[in-house]
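Colleague: Build me a model from this:
(chains A, B and C)
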Amino acid sequence: MALVIADYADCRALTGGLRAFEVEASTVRELLQRIEARFPGLGDLIDQRMAIAIDGTITQDAHSAVLEPHSEVVLLPKIGGG
Amino acid sequence: MNKPVKPEDTSSILKVVGTRPIRPDGVEKVTGRAAYGADLHLPGMLIGKIKRSPHAHAHIISIDTRKALALPGVKAVMTSADMPDLAAEHYEAGESASNLRDLSANVMARGKVLYHGHAIAAVAATSNAIADQALNLIEIVYETLPHVIDVEEAMAEGAPILHEQMVTAGLGETPTKASNIATKHRLDRGDLAAGFAAADVIVETRYSSAAVHQGYIEPHACVASYAADGQTQVWSSSQGHFVIRGLCAKLLKLRFSDVRVIPAEIGGGFGGKTTVYLEPLALVLSQKSGHPVKMVMTREEVFRATGPTSASVVTVKMGAKRDGTITAAQIDLKFQAGAFAGSPVGAAVMTSLACYDVANFEITGWDVVTNSPKVAAYRAPGAPNAALGVECAVDELAEKLGMDPMAIREKNAVRNGVRAPYGPVYKNIGYVETLEAIKSHPHMSIPLGPNQGRGIAAGFWFNIGGESTVNVSINEDGTAIVSTGSPDIGGSRASMAMMAAEVLGIGVDQVRPIVADTASIGFSTVTGGSRTTFATGMAVVQAAEKLVTDLKRRAAETWGVEIDQVVWQDGAAHCLKAEKAPKGALTLAALAGSAGKTGGPIATVVALNAQGAGPGFGVHVCDVEVDPETGHVTVLRYTAAQDVGKAIHPAYVEGQIQGGVAQGIGWALNEEYVFSTGGIMENAGFLDYRVPVASDLPMIDAIMVEVPNPAHPYGAKGVGEVPIVPPLAALAIAVRQATGVRMHDLPLSPSKIRAAIDANAR
Amino acid sequence: MSKQRTAAIVNGDPVEFLSDPGQTLLDVLRDELHLTGSKEGCGSGDCGACSVIMDGRLVCACLVLAAEAEDCRVETIEGLSTGSTLHPLQQKFLDHAALQCGFCTPGVLMASKALLDANPDPTESEARYWLAGNLCRCTGYDKIIKAVLDAAAELRQDRKSA
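Modeller: The predicted structure is shown next:
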């Protein structure tokens, strides 16, 4: 069970205000599919415009990354730089 | 996908990483031989030049290019009609998400001009002089419109609207009325009201900064060659030739395989050269004329039509208990995006409180379009603007509490296990160690004289990983080539060679690093985001490791032993069963010389998407002296401590810190875009756009704190961007200490300081 | 309009070139003589990337009309080293990592040479003010100044032992 944290308003707009929720998934790919099924639009938003931090490690586009049984997954905007 | 790998080495002492060898591209740079974008000359080459809008905002009624085309020596003329009309398409490329249609319209205006200097047509001619003449022969009819540049004015009711289709995203329900506010961002946690109720002391304050340019000394330059069969080549100074390829291909609807981008050496970028301005135009002109076309911007064009970063207004309300614990923070950030949406306000929202463990906060960011050049990335985009407001607010809070500025930061410092305001739980960070490095530095005990003041400020940047491809091959004599797709803007190719040399166990002078073009190696994303040493370096180490495994296999075969009987050390294979290897160790050169007999050439590729980049923290202290008569600020001394993970080549890490500090000082003291009432930049040159010169600065003491990031084989963290984040606030706070006046609007130019001193005296 | 012919000595070699009246020495060095080491950063004499030495005097080549070079001795970055032996300034720049992108480097080196020709023992402040006409956006000048002062010391030592 991954615990997903959504502190950013654009995510919460798609979760109906829910700030934290649990999702059963063992990879990021599964996670996105299950999130999209539960909160239509959110899975796609994450896929296209967000990064996720798995237990503190920020990943971007790492769809094969593995989730531990009790991983904490934080949704945050994609990061660039200059 | 990455794996943290420890290079196999029987001793834990690094032999190359951490030393300071001379960079392999150094001699060509000190002798003037290095080839930058404007240095290339091809036979039959034409000169391309751009016609630019004289108005800050106008409809384009008609463009007549016939007279220009008829001028002898003019071989092609183009407008936006010569570029595909793209549907709004989202393409993740380079530093920030870019809407391709906006990019196309920025590169060449379509329907409307949105800032003074906006490109509207271009010509290719046989000489500079003829090209200039041709521009003057292009006849354009405009219908001028009112313009708006100030970010708050652009947000206000009744402001001239830049894009009729633009409604504000992020408000909940979709509005119907057009706005210049592209997006509202929001991040919050905890209970703000309760947080403020628990505070003993509250400050409410506002800071602003002007638009500033990255200020690279090399203007944008490229040469494009479009052959009759549709194959194209582009030589370009950029921070990412694969991104240049992708953008050109998408803007012009070409196959990626038909666009070969060859990286020229680049004379500075700082984020501003992660996008395209000239390349697509040069390609179109080359196609129309049948000749290669060179385009080089003038300095004026660079200022008027590229970059800069956002002007911004930051308001902060912050509350703390008597003991200095910050209980609540409310931050509002308004960022100028320029002519098209996409300022770095999102990152500003995320980084605002990154150094502080605050339970209750609400951060709002506004991305606002204005009739000024579209902003481009600039070193830690968004973070310096936010840090100006937050660090100064913390200083105001400390003052109200009678608390030492270092102590209030220590009290609220983020550390491992604390949840970052932007989301993840921190691990392997070195903020506390960096604070300590400044606290215990001799700088802090130097006594200050009259009209002098000291400012301390902290800063943060995420640093990114991302995609890199690396080829490593061993030549027949045992020397090595390391080929990457990461343009070298600050000395990174030296670090690539060092990391490969470390793994292979050979001298760094035996490893030749090169930057390969888009047809010679797989994809790498930009050199930016402080990613190259981390991500491309990770790929280099993995590739060298793969080769070591392969070399051990070849040695094992040669000796007739199992591979676990072979150890690689000091550039040679050693057999644990000595009797099986009567001739002793097999050196890299020996194995390379007989590679054909053990399977063929010794070469490998690694392509990865590096994850786990470690964020960086900086703490700066600076001393200034302010002349009360002129308001002039002299920077007396500057010490910058930064959590760098592991300095692969310490001299280039110091260089990044010193360079970022210098840019931050310029941003704080002198740099700004000055616009006339007509919306025209009045200081579009280095005389009046005042960047720091050698006599403005003292020596900059760079302290490298090494708290390793285990995701990188040597523990490296990105370093390039953090150092520009603290200086804005550090200077503002130092001026407060020196004069008793708190300056809220950057730059801290002499006339403003003098006026503030006078007002304070009354 | 016909071009003007100019004869000059560049890095010790006699050269002749044709130029339009409006062309600068920088244009000619780069586009006619193919000496692209001198760079154009601004075209208005504010950045110093085009610094060359003309009859012993440090100038911005973008502010010199090509025709003004008639009968002059011009030294550019391409002439700073001797054969394949680097000038001590060049070597010290490498040793001290006094360059990052390298674009300002040719101009800074020529300006530094002019400094040490005029003043073999500059203080840090004198070096900083002399080089104030050479913009560098990458380094913050710290390592540049250290390299220049170190090269000055080495050149003074060489002179003593010569």
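
Colleague: Surely A:Leu31 is within a helix?
Modeller: Yes - with DSSP: H, G, I helix; E, B strand; the rest coil as the criterion, A:Leu31 is part of a helix.

Colleague: give me every residue that touches B:Phe270.
Modeller: For B:Phe270, the residues meeting the contact criterion (CB atoms under 8 Å, 6 or more residues apart in numbering or on different chains) are A:Gly82, B:Gln214, B:Gly215, B:Tyr216, B:Tyr378, B:Arg379, B:Gln663, C:Arg137. For glycine as for every other residue, the C-beta is placed from the backbone atoms N, C-alpha and C.

Colleague: Of those, which is the nearest to B:Leu608?
Modeller: Nearest to B:Leu608, judged by CB to CB, of the contacts of B:Phe270 is A:Gly82 at 22.5 Å.

Colleague: Tell me the pLDDT of that closest one.
Modeller: pLDDT recorded at A:Gly82 is 77.

Colleague: need the contact list for it.
Modeller: A:Gly82 touches B:95, B:214, B:270-272, B:274, B:376-381, B:528-529, B:721, counting by CB under 8 Å, 6+ apart.

Colleague: what's whatever residue of the stretch 501-650 of chain B ends up closest to chain C in contact with, if anything?
Modeller: Taking CB to the nearest CB, chain C has its nearest neighbour within the stretch 501-650 of chain B at B:His649, 8.1 Å off. Applying CB under 8 Å, 6+ apart to B:His649 gives the contacts B:Thr19, B:Arg20, B:Pro21, B:Gly491, B:Ala494, B:Ser495, B:Met498.

Colleague: what number of residues lie near the third one?
Modeller: Pointing back at B:Pro21 there. Counted by other CB atoms under 10 Å in any protein chain shown, the residues lying close to B:Pro21 total 18.

Colleague: returning to that earlier point: which members of the contacts of A:Gly82 are positioned in strands?
Modeller: Applying DSSP state E to those, no entry is found in strands.

Colleague: For the stretch 1-150 of chain B, which residues are neighbours of chain C?
Modeller: Contacts of the stretch 1-150 of chain B with chain C, taken as CB under 8 Å from any CB of the partner chain, map to B:20, B:22-23, B:25-27, B:29-36, B:38-39, B:41, B:129.

Colleague: Give me the subset of those that lies in strands.
Modeller: Checked against DSSP E, those include nothing in strands.

Colleague: Relative to chain A, which residue of chain C is the closest?
Modeller: Here chain C gets closest to chain A at one residue, C:Arg137, 13.3 Å apart by CB to the nearest CB.

Colleague: wait, doesn't that residue sit right on B:Glu218?
Modeller: No - contact criterion CB atoms under 8 Å: C:Arg137 and B:Glu218 do not qualify, at 9.3 Å.

Colleague: Show me whatever sits in contact with both of these two.
Modeller: B:Gly268.

Colleague: can you pull out the helices in chain C?
Modeller: For chain C, the helices defined by DSSP state H occupy C:25-27, C:88-95, C:105-118, C:124-130, C:142-161.

Colleague: among those, which is nearest B:Cys355?
Modeller: Per CB to CB, nearest to B:Cys355 of these: helix C:142-161, 25.6 Å.

Colleague: touching chain B at all, that closest one?
Modeller: Yes - if you take CB under 8 Å from any CB as the test, helix C:142-161 does meet chain B, through C:Asp142, C:Lys143, C:Ile144, C:Ile145, C:Lys146.

Colleague: for that helix, packing partners?
Modeller: helix B:650-669, helix C:88-95, helix C:105-118, helix C:124-130 (3 or more CB pairs under 8 Å, 6 or more residues apart in numbering or on different chains; DSSP states H and E).

Colleague: For beta bridges, what are the partners of the spatially closest residue to B:Gly48 that is not a sequence neighbour?
Modeller: In space, and not counting its chain neighbours, B:Gly48 is closest to B:Met295: 4.0 Å by CB to CB, 6 or more residues apart in numbering or on different chains. Beta-bridge pairing for B:Met295 (DSSP bridges): B:Gly48, B:Cys222.

Colleague: Touching, B:Met295 and B:Leu281? I think so.
Modeller: Yes - between B:Met295 and B:Leu281 there is a contact under CB under 8 Å: 6.5 Å.

Colleague: Can you list phi and psi of residue 69 for me?
Modeller: All of this is about chain A. phi -50, psi -30 (degrees, to the nearest 10).

Colleague: residues contacting the nearest residue to it once chain neighbours are set aside?
Modeller: Nearest non-adjacent residue to A:Pro69, counting by CB to CB, 6+ apart: A:Met1, 6.9 Å away. Residues near A:Met1 by CB under 8 Å, 6+ apart: A:Glu22, A:Val23, A:Glu24, A:Pro69, A:His70.

Colleague: And A:Met1, how far from B:Thr536?
Modeller: Separation of A:Met1 from B:Thr536 (CB to CB, to the nearest Å) stands at 36 Å.

Colleague: What of B:Thr144?
Modeller: For B:Thr144 relative to B:Thr536 (CB to CB), the value is 48 Å.

Colleague: same check, this time on B:Glu362
Modeller: Distance from B:Glu362 to B:Thr536, by CB to CB: 38 Å.

Colleague: Those two - which one has more neighbours?
Modeller: B:Thr536 (30 against 19).

Colleague: contacting residues for the more buried one?
Modeller: Here B:Thr536 is in contact with B:Ser468, B:Val470, B:Thr484, B:Gly485, B:Ser486, B:Ser492, B:Met496, B:Ser524 (CB under 8 Å, 6+ apart).

Colleague: So it, which state does it fall into?
Modeller: helix.

Colleague: I'd like the distance between it and B:Gly240.
Modeller: Relative to B:Gly240, and taking CB to CB, B:Thr536 is found at 12 Å.

Colleague: got the contact list for the closest residue to chain C within chain B?
Modeller: Using CB to the nearest CB, the closest approach of chain B to chain C is made by B:Gly32 at 2.1 Å. By CB under 8 Å, 6+ apart, the residues touching B:Gly32 are C:Leu35, C:Thr36, C:Gly37, C:Ser38, C:Thr76, C:Ile77, C:Glu78, C:Pro106.

Colleague: ok, now with 10 Å
Modeller: B:39, C:35-39, C:76-81, C:90, C:102, C:105-107, C:109-110 (CB atoms under 10 Å, 6 or more residues apart in numbering or on different chains).

Colleague: Filter those down to the buried ones.
Modeller: Among the contacts of B:Gly32, those buried by neighbour count (16 or more other CB atoms under 10 Å in any protein chain shown) are B:39, C:35-39, C:76-81, C:90, C:102, C:105-107, C:109-110.

Colleague: for B:Val77, helix, strand, or coil?
Modeller: Three-state call for B:Val77 (three-state DSSP): strand.
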